[in-house]
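> Structure for the following, please:
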Amino acid sequence: MRTLAVRTIIALLAAGALSSAAAAENPITFIENELKAGKKIIVVPPGVYRLTPKNGVYLTLRDLSGVTIDFTGVEFLGLVNTRMLEIENCVDVTLKGLTIDYDPLPFTQARIVEVDDQKNWTVEVIEGYPSEDARGGWPIQVYGRESLELVNPMRFEDNAAAIRTGERVYRITGGKNRSGALGDIVVFSCNNSRDKNGKRETGKDYAVFSRDCVNLRLEGFTVYSARSMAFREDGNTKAVYLNCKVARRPPETDHVQRGLKRLRSGNHDAFHSRFAKVGPQIIGCYAHYHCDDCVNITGLYSIVVKADGDELRIIAVEDGRYLPVAGDSIQIMTPRFGRRLPDAEVLSVTPDGGTTVADEALLRTLSLWPGSYRWYSTAFIMRIDRAEPLEMGSVIIDSRCGSGFLVKDCDFGHTRARGILFKGSDGIVENNTVVDCSGPGIWAGPSYAWMEGPCCSNVKVIGNRFRGCGGAGIVITGKTGLKIDLPANGHRDIVVSGNTITGTTRGIQVTGCTNLDISNNVLELRTKRPEGAIILENVVNVTQENNVVSTRETKPE
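Numbers count the residues shown, from 1 in each chain. As a prediction, this is how the structure comes out:
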């Protein structure tokens, strides 16, 4: 492996990227000293900085107000796969122009050299890619040897694993989808998260993480690799992501000479928002070739384990820090019959210790994603404004969670998952392009398995373009604990207008909605069945006007 190939060094020097200031100054110390001096506008000297983290984080920004940090021309190259930025409890803070990458990468690329009768693979790591710490490997993907495009979105479940058998050799076993041929390229994750003392950093696996910030702005960021999500936020109020990118690094700017260009950017979601008091504003952003959803705007349900009149005993995630408080409105969903009950007002919330053996036993009986019951460890007593005889396993969530979100003018695609996911109200998804996702271009609505919610109200999906996405262009739906479809009062006041959907077998699918407008959409489906153009279930008061549908049996491009 040859770090910073000669031609790359020359190009960077010519561009001023390795300036004397960058070589002499530790940018983290520089920023910390400027903040201590009370500076409100900080300009970091341009350069490529090879950094090691402190306590699992490279740069921590906490309790700042009215600060702007300009990273234009700056690249942070992390030598350990852990969190690059942690931003907490900041108000009116703007960060500009930072490029983030890691060396070694948090994934590797290997060529299939042998396939046995059980479709297990022997793979050899390609020159320039890391060959250690790739045990497990999730997510494991396959790209075509000639097209270099995704041909197996994920070898997953059924004990899928990557096991090192030689210096640069792995054996890939298990998995439900085992498609892959000799010469194809397997891309799988690494865990290069050890610091210089050999200690492994854990739990710090987002490139940029922000929490409890108000009016945070990230402008012009580029993330070339991420151990997990590129951008993750919890509990923010109206964070703005403007012209941010999650992209594969082109070979001509790479820090390592490799035998094949990078086929992956991040290992998981590009933009992930949880518990937002006002949803994120994702504008003019780009995310391609990462391994999970492009955008996910969501909250997490709390689970009812006991109901006594107007008093609910609930168990929550995140130590309950994002529970609704007195005066807030909550959505309530029951699992058995899939009912969305009238929203209730919270009167009080008080701690009630940790989860009990009985609580944990109940969690294990619910239809949750394997292992997700471990998220729930703290109990509370919540009083609401009426008596509600709820069955165990019912869920509650803050009605405002994620409300006011905006996803506009973005370019997303080439991922094994979905394009834009949202759960929330008063949102707009406008003028985006979403291409070649293995899942739908849009997936909106609650998921009991992942405990994600709430239902959506007053949302507009307008003027977007979806091409070649799996199954359907737009899906607005949801499932209860027993996988029953949402009732008609699940979602409310949804507009789907002016969108173009091509190369899918289904166009627009809506389940569980009152007041729905589907108008002026163009649907060019890859099927002979026109009934797949618009599919409605449990929908009340729907308007359909001026939709243009064409169908033809073709193979996907």
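> number of nearby residues for T551?
18 (other CB atoms under 10 Å). (Glycine included, C-beta is placed from N, CA and C.)
> do the same with D117
The burial count for D117: 5, using other CB under 10 Å.
> Listing partners with orientation, what would you give for the helix or strand L341 falls within?
Per DSSP states H and E, L341 falls inside strand 340-354. Strand 340-354 has these partner strands in its sheet, going by DSSP bridges: strand 329-333 (antiparallel), strand 378-384 (antiparallel).
> and among those, the most buried is which?
strand 329-333 (a mean of 22; mean count of other CB atoms under 10 Å).
> CA-only coordinates of that one, as CSV, when you get a sec.
What follows is strand 329-333, C-alpha atoms only, in CSV (Å, rounded to 0.1, in the frame of the first residue of the first chain):
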residue,chain,number,x,y,z
SER,A,329,-49.5,15.8,22.3
ILE,A,330,-48.8,12.1,21.7
GLN,A,331,-49.9,9.6,19.0
ILE,A,332,-51.1,6.3,20.3
MET,A,333,-51.1,3.0,18.3
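> Domain ranges for the protein, per the record?
Domains of the chain are assigned by automatic domain parsing as 6-104+200-268, 107-189, 301-420+433-557.
> what about the second one, how long is it end to end?
Between the opening and closing residues of domain 107-189 lies a distance of 4 Å (CA to CA, to the nearest Å).
> Return the distance of that domain from the chain's centre.
Between the centre of domain 107-189 and the centre of its chain there are 23 Å (CA atoms, centre = their mean, to the nearest Å).
> What of the first one?
Using CA atoms, centre = their mean, the mean C-alpha position of domain 6-104+200-268 is found 18 Å from that of the whole chain.
> again, but for the longest one
Mean C-alpha position of domain 301-420+433-557 versus that of the full chain (CA atoms, centre = their mean) differs by 16 Å.
> follow-up on the earlier one: which of the residues in the strand holding L341 are buried?
Residues of strand 340-354 classed as buried by neighbour count (16 or more other CB atoms under 10 Å): 340-341, 344, 346, 349, 352.
> before we move on, what about stretch 142-158?
By 16+ other CB under 10 Å, the buried positions in stretch 142-158 come out as 142-143, 150-156.
> And the residues you listed, which is closest to A472?
P153 (16.2 Å; CB to CB).
> R416 is in contact with the closest one, correct?
Yes: here P153 lies in contact with R416, judged by CB atoms under 8 Å, at a distance of 3.4 Å.
> what do those two both touch?
Jointly contacting P153 and R416 under the rule CB atoms under 8 Å, 6 or more residues apart in numbering are 141, 438.
> Would you reformat the buried residues of stretch 142-158 as TSV and include pLDDT and secondary structure?
Shown next, in TSV, are these (pLDDT from 0 to 100; DSSP: H, G, I helix; E, B strand; the rest coil):
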residue	pLDDT	secondary structure
V142	97	strand
Y143	97	strand
L150	93	strand
V151	94	strand
N152	94	strand
P153	92	strand
M154	92	strand
R155	91	strand
F156	87	coil
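> And the strands paired with strand 340-354: which comes nearest C190?
strand 378-384 (33.1 Å).
> got the contact list for the helix or strand just after the closest one?
Sequence-wise, the next helix or strand downstream of strand 378-384 (DSSP H and E) is strand 395-398. With CB under 8 Å, 6+ apart as the test, strand 395-398 has contacts from 275, 299-304, 312, 314, 322-324, 328-333, 335, 382, 448, 451, 453-454.
> rerun at 6 Å
Contact with strand 395-398 is made by 299, 301-303, 324, 328, 330-333, 453-454, as judged by CB atoms under 6 Å, 6 or more residues apart in numbering.
> ok, which pair from the residues you listed is furthest apart?
I303 and D328 (17.6 Å).
> between the two, who's got more neighbours?
Taking neighbours as other CB under 10 Å, I303 and D328 compare with I303 leading, 26 against 16.
> who's in contact with that one?
315, 395.
> element containing the residue nearest the centre of the chain?
Centroid-nearest residue in the chain: D269, 2.8 Å away (criterion: CA atoms, centre = their mean). Using DSSP H and E, D269 falls within no helix or strand.
> Please look at it and D292 and confirm they touch.
Yes: if you go by CB atoms under 6 Å, D269 and D292 touch, sitting 4.6 Å apart.
> List phi and psi for the closest residue to P335 other than its chain neighbours.
With CB to CB, 6 or more residues apart in numbering as the criterion, P335 has its nearest non-adjacent residue at 2.6 Å, and that residue is G481. Main-chain dihedrals, G481, degrees, to the nearest 10: phi -60, psi -30.
> Low-confidence stretches in this protein?
Under the criterion pLDDT under 70, the flagged ranges of the chain are 1-24, 135-136, 193-203, 553-557.
> Quick one: residues contacting Y49.
27, 76.
> 8 Å instead, please
By CB under 8 Å, 6+ apart, the neighbours of Y49 are 22, 26-27, 74-77.
> can you redo the residues you listed as TSV with neighbour count, distance to S265 and secondary structure?
Compiled in TSV, those are given as follows (neighbours: other CB atoms under 10 Å; distance: CB to CB, whole Å; DSSP: H, G, I helix; E, B strand; the rest coil):
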residue	neighbour count	distance to S265	secondary structure
A22	20	25	helix
N26	11	27	coil
P27	20	23	helix
V74	22	19	strand
E75	23	15	strand
F76	23	16	strand
L77	19	15	strand
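> what's the farthest-apart pair in these?
N26 and E75 (14.5 Å).
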